Each structure stands twice: as C-alpha cells, then as structure tokens.
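Chemist: Dropping a prediction and its sequence here:
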Amino acid sequence: THRTSANHFVGTLRTKGLISDFVWITDLLQGMDTVDFKQRWSQPVQVGRLERAERYYTDVLTSACKERDGIPIIQVCAVVGLGELYLLRHDPKSLVKAAALFNTTMELCQQEGSAGSHDESPVADVSKLLVEEEGDQHGRLRDYKRRLVARSETCAKAFSLLLETWNKEAADIADIADMPEEQRPPMDTEGSPPDSYLANQGYSLLKDDEYPKAAFLLKKALDACGEKDVELRAKYNQDLGDALRKMGDVQQAIVHFQKALHERILLGKEENEGDVTTVQLLVLLGGCLSAGEQFDLAHAYFEAAEEMLPMYFDENDPDLGNSRKLNDLLRVAFLARQGKTDEAGKIFRNVDPTTPDLYRSLASHTYDQGLLIETIQFHETAMRFAPDNTSNQHNLACMYHVRAQHAKEAGNDDIYNKMIGLAEKNFQQAISQNKKDGKPGIGLSAEYGNFLCRNGRWADAIPVLKGIVELPKSTEDASGLIYNQMEMTTLLEEIKAEVKNTKDRSLPVSQRHFAFYLLTRALKETGEDEKAEKIVSDFQADVNSGDKRLSWSLLGYSLWRTGRLQEASAAFMRAFDNERSSPADDLARQNCAACLVSANLNKPDGPTEEGASKPTDEDNFDLD
C-alpha cells in the first residue's frame, strides 16, 4: 500500500510535468545547512521560484491528507518542505509560518521507532523517500523529529536576526538591572535557591502592580538560574517581558518575549502545556510589537498563533481575537498620525479615522486594561485631530507622567526627562485652554499640583494648590478625580497605599480635599510649618459628615503630618465602617491605631509607673 501511494504521488508530479522541478527543489534545499545563515539572509532566493516550489509541496500535502490510507512520512516531507521554503523567504510572516510548520511536524512525528542516520538534510532525500519501498517508517519519523530541532534553532536565529535592527535602540536603554540603589527592593535568598526566591518576590510585586521592582527581581532571577534550565529561563523571560510592557518599556519587553519564544522553540516539547505556552507567547509578542508600531511583524505572530490554536483552544480564542483587532486599530491610529487617513480608512470600512472621539474611546478601553503605551498612542492620535481639546491634553499629560515615574524607578533618566517635559507641556496647554474657555478646571489644577509634588517641586505646587482651596466649596468638588492601578505610581506613598487597598484598585478622590492634603504636605516640605497648621485647620472645617471615606483619611494624613495625632486618629476612625470590613477599612484602622499609640508615647507626661524601663530592641516596633 505504501509503495502504491508513494508511486501515485510521484506519478502525479510526473504527469503534471513537475518531476524535474521537484528534484530541483530538493537540490535547492540540500545545501541549506552548509550555507552561512547571514550570507543566505543577505542574498534571498528568487521569489518566483519559491512560489512554484510552494505550490508543488502544497499539492503533495493536500493529496497526502486526502488519501484515506495516507503515509505519514509523505505528510512530514511536505510540511517540512514548506517550512524550509518559508525559511528561505526571510520576511516576518514567512519566518513565523516556518516555525509553526516545524512545530506541526513535531506533532506528526510522535510515533517512536528505531534510530536512523541523521547526517543528511531531511528534505534533500524527499524524492527518494517518495519512491522507496515499505520500510521502517516509525524509525524515520523519529529521526525526522530529532532533525527538526535544528530547523527550529534556525527559525530562532531568524527571529533574532529579524529583530536585530529594531532592537538596537533597546540596547541603548538603561537595563532594569541598573536600577538605582534607592529604588531597589530588598533581596533575601536565605533558605531557598536564589533564582526561585527572587522570582517569587518578583511575582509578589508584579501582583501588587510594582512593575519596575518586579522587573528588577525577575531579571536577577533570570541571571541566577544559569543557562542549563531552558524551560525556567523561558518562564522568567516571559514574566519579565510582561512586567516591562506594563511599565511602558516596550523595546526591552520585546527582547525578553523574543528570548522566551526562542527558548520555547528550542525545548521542542510534545506536551500540550509547552505548546499552549508557545501560543500564548506568540500572542503576547504580537501585542507588544503592535505597541512598538511593528504591525506587519505583529500580524505574522498572530497568524502563527492562529495556526496552532485549534490544537489547544477554541478557534475563536478571545485573547487572540482581541489582540489582532487591537493591532489593526493601532495601525489605523499610526497611519492617521502620519496623515495617511485614506490608507487608514481602508482597514475598517465603517470607521472614520479622523474622528477624535474614536481614539478617546479606544484610549479609555486600553487604560482599563492597563496598556500604557497603547493608551498614549490613542491619546496622541486624538490630539492630532483635536489639538485644543482640554480633555486630550489633560489625559495625555497624566499618561506621560505614568511613563516618567516608571522610567525614574528603573533608572532611565533619559526617558524620565523626556516624559516629564511632555507632561509639563500638556498640563500647561490644558490649563491655558481652560482659562480661554472660562472654566475653573479644579480637577486639572489638582492633578497638576500632584504632578509638581510627586516630582519634588514643592514650592511650585503651593500657588497652584492655594488657588484651589481658596475657591468656594461646591458640589462638584466632591468628585472628579479617579485613580486606578495604572496611575498609582504618580501618587505620593500614602495615597498609593489607599489605591492598593481599594477593592477594584480604583479610587475616587475629592479634588478639593486632595488639594488640601497636597498643600499641607508642600508647606511642610518647604519648612512653612505655621502655614501648614493653618491649612490643616481650614481642612478640618471643610470636611463634614457628608463627605466620602477618603476625605477623612486625607484629613487624617494631614493632621498626622502636622503632629496632631489624637485628632488624626479621630479622622481615621471616621474613615472606616464598623459595620463592614474591607482592605480600605483595615488600612484606616491601622492608621488610627498607629496615631493613638504614637500620641501616647509622645505625651510629655506619658507613662510614669514606677519600675518602668526603656523598651528593648525586641519590644520596639515600626509604627508605619
């Protein structure tokens, strides 16, 4: 049966007059491993000849799959042949297809058999295999699988070479391992393998949305695990890429996602878990390339993921579908920013690429998903079509500030200075536009005051914040600012803790009371203690029973900063609900208790019981 089937395929080729071309294909591929990869990359094979070869291999594969008693080795030959041809094309889409085909071939080669010679190229002897008499197919399939590892390595090299030019910029960016000493999280590896312990600490910080610190620890874990454990390195690289992407460092994230994919390909596992992870990596890398405006390459990775999806997921996997759609939307935004609106309009028929509301809506969606760079890109596109829109300027300034703070923590001063400059420019434009429109812009001013305080410009913040608290109180002051997990890094530590302790990591803030809190802090930082006392008293008079929980916490922090500890504890007591318990209530209770204990310890006529002794080191505790 095998001989008949094999002769049938060769006979079909001969009938079509294709047998000489088929032999040429095998001759072309025979010397692939003897040619220097970079030399072959710089001298591509003529595309026309490759297209003919692709059609022939596709015909063979189609016939083999239709044959009821098809021979596995023929399917393997055809799939590998297609993979080799795609590898010769050198473009992103073909390279990723080649990797997917090689992975598919490994699936076809699951049967085990006796070992065979593997000195020849697996495709060079295709014509011989097609006419060979019945033999040990199991052994040949097993032999093919071993040889495919080298093909996968070639694909991995292709990925590296493909991204080499684009990644040159990433090499000039400060590495997360160079994080300044004062920003680094504590590291303790006692009692556990160093890489495992560092990684666990990193995962904890990643869950807590502390992306730069998490990335630093994961990079240390990666360095500590060595070169031998490829699977562990792949995991660390993937998680490190995830942390870097969330802090906006797309270029470095792509480097580590690409390394993780390289290592997954080298693993060449049969287990579903490994292949599922590869699919997820293809989607992650594609999404990251979209954010880096490498849309064609991103599309190629999405296609590769789509080819593998039916084996492990539903064909309509939402992650892939959403990532693919986001890639197209980012492409629309990119073309629109370049003024190519006609080209952008062809991607989605019913979408007007010149509508700023479209990009504002998309920015809101990516903001909720925690996608920083994508949010910035959509806001920048909205700005192109509505340059005087205060909301655009305000939102873009806040996103630039987020990016700046992540860069500062990571020790990347160039990005920090650039982003701070852009944030300042957009804040000033928004404030100026508000004045032209005759609007007070209290929320905008409060956020600008926070921007100044967060970056140590306390003296500059004072007049901005005074302008807010001196205005008459209105019902609009109670709301207007909402901070979520993406913007936590732009807040002072006390407010950052409040965001972390809310149920959904989203914190509504009274813009007026936020300004009172910031002004108190700015006056204390500049040494104007008496003025700070006056502002806190005004703050006390401004807060009433109708205000939200956070307003009482802000008052508590302000009183604490000015040394009025018993009043601070009373304010924190108003901030939690005795009927219910939540993380936010727990934080308010802790603050209330800390203020009470501190007040007792700081009393001039404090505890005077006879026999009292100075507490030992073990008795001391950190009130914070």
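Modeler: That came through fine.
Chemist: Helices along the stretch 251-400 of the chain, start to end?
Modeler: All helices of the stretch 251-400 of the chain, identified by DSSP state H, counting those that start in this stretch, fall at 272-291, 295-312, 318-337, 341-345, 356-368, 372-385, 390-410.
Chemist: Reformat those into a markdown table and put distance to Asp542, mean pLDDT and mean neighbour count next to each item.
Modeler: For every residue, glycine as well, the C-beta is placed using N, CA and C. Listed next are the helices of the stretch 251-400 of the chain as a markdown table, based on distance: least, Cβ to Cβ, whole Å; pLDDT from 0 to 100; neighbours: other Cβ atoms under 10 Å:
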| stretch | distance to Asp542 | mean pLDDT | mean neighbour count |
| --- | --- | --- | --- |
| helix 272-291 | 43 | 75 | 22 |
| helix 295-312 | 51 | 71 | 20 |
| helix 318-337 | 43 | 85 | 19 |
| helix 341-345 | 49 | 89 | 15 |
| helix 356-368 | 31 | 92 | 19 |
| helix 372-385 | 33 | 94 | 24 |
| helix 390-410 | 25 | 93 | 24 |
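Chemist: I'd like the ones you listed as TSV, with distance to Gln590 appended.
Modeler: As requested, these are exported to TSV (distance: least, Cβ to Cβ, whole Å):
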stretch	distance to Gln590
helix 272-291	38
helix 295-312	45
helix 318-337	38
helix 341-345	52
helix 356-368	30
helix 372-385	31
helix 390-410	25
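Chemist: pretty sure Thr58 is in contact with Leu82, am I right?
Modeler: Yes: here Thr58 reaches Leu82: they are 7.0 Å apart, a contact under Cβ atoms under 8 Å.
Chemist: May I have the secondary structure class of Tyr483?
Modeler: Look at Tyr483: counting by DSSP: H, G, I helix; E, B strand; the rest coil, its state is strand.
Chemist: Tell me how many other residues crowd the residue lying closest to it once chain neighbours are set aside.
Modeler: Nearest residue to Tyr483, sequence neighbours excluded (Cβ to Cβ, 6 or more residues apart in numbering): Leu507, at 4.9 Å. Here the count is done by other Cβ atoms under 10 Å, and Leu507 has 22 residues near it.
Chemist: give me the element Leu507 is part of.
Modeler: For Leu507, the host element (DSSP states H and E) is strand 506-510.
Chemist: Helices of the stretch 401-550 of the chain, residue ranges please.
Modeler: 413-437, 442-454, 458-469, 493-500, 511-525, 529-542, 549-561.
Chemist: With adjacent residues omitted, what lies nearest to Ala446?
Modeler: The shortest distance from Ala446 to any non-neighbouring residue, by Cβ to Cβ, 6+ apart, is to Gln511 (4.4 Å).
Chemist: does that neighbour really touch Val469, like I thought?
Modeler: No: using Cβ under 8 Å, Gln511 makes no contact with Val469, being 10.5 Å away.
Chemist: still on that earlier bit, neighbouring strands for the strand holding Leu507, and are they parallel or not?
Modeler: strand 480-484 (antiparallel) (DSSP bridges).
Chemist: hang on, the earlier thing: now the helices of the stretch 401-550 of the chain in CSV, with mean pLDDT?
Modeler: Listed next are those as CSV, based on pLDDT from 0 to 100:
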stretch, mean pLDDT
helix 413-437, 91
helix 442-454, 93
helix 458-469, 94
helix 493-500, 89
helix 511-525, 94
helix 529-542, 94
helix 549-561, 92
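Chemist: Please identify the deepest-packed of those helices.
Modeler: The highest mean neighbour count among the helices of the stretch 401-550 of the chain, using mean count of other Cβ atoms under 10 Å, belongs to helix 511-525: a mean of 25.
Chemist: helices and strands around that one, which ones?
Modeler: Applying 3 or more Cβ pairs under 8 Å, 6 or more residues apart in numbering; DSSP states H and E, one finds that helix 511-525 contacts helix 442-454, helix 458-469, strand 480-484, helix 529-542, helix 549-561.
Chemist: and the angle for the strand holding Leu507 with helix 549-561?
Modeler: With axes from the mean of the first three to the mean of the last three Cα atoms, to 10 degrees defining the directions, strand 506-510 sits at 70 degrees from helix 549-561.
Chemist: now the angle from strand 506-510 to helix 442-454?
Modeler: Using the same axes, to 10 degrees: strand 506-510 against helix 442-454 is 110 degrees.
Chemist: buried stuff in strand 506-510?
Modeler: 507, 509-510 (16 or more other Cβ atoms under 10 Å).
Chemist: Next one: the closest residue to His394 other than its chain neighbours from Ala568, what distance?
Modeler: Once flanking residues are discounted, His394 sits nearest to Ala430: 4.6 Å by Cβ to Cβ, 6+ apart. To Ala568, Ala430 is 34 Å away according to Cβ to Cβ, to the nearest Å.
Chemist: Perfect, that will be all.
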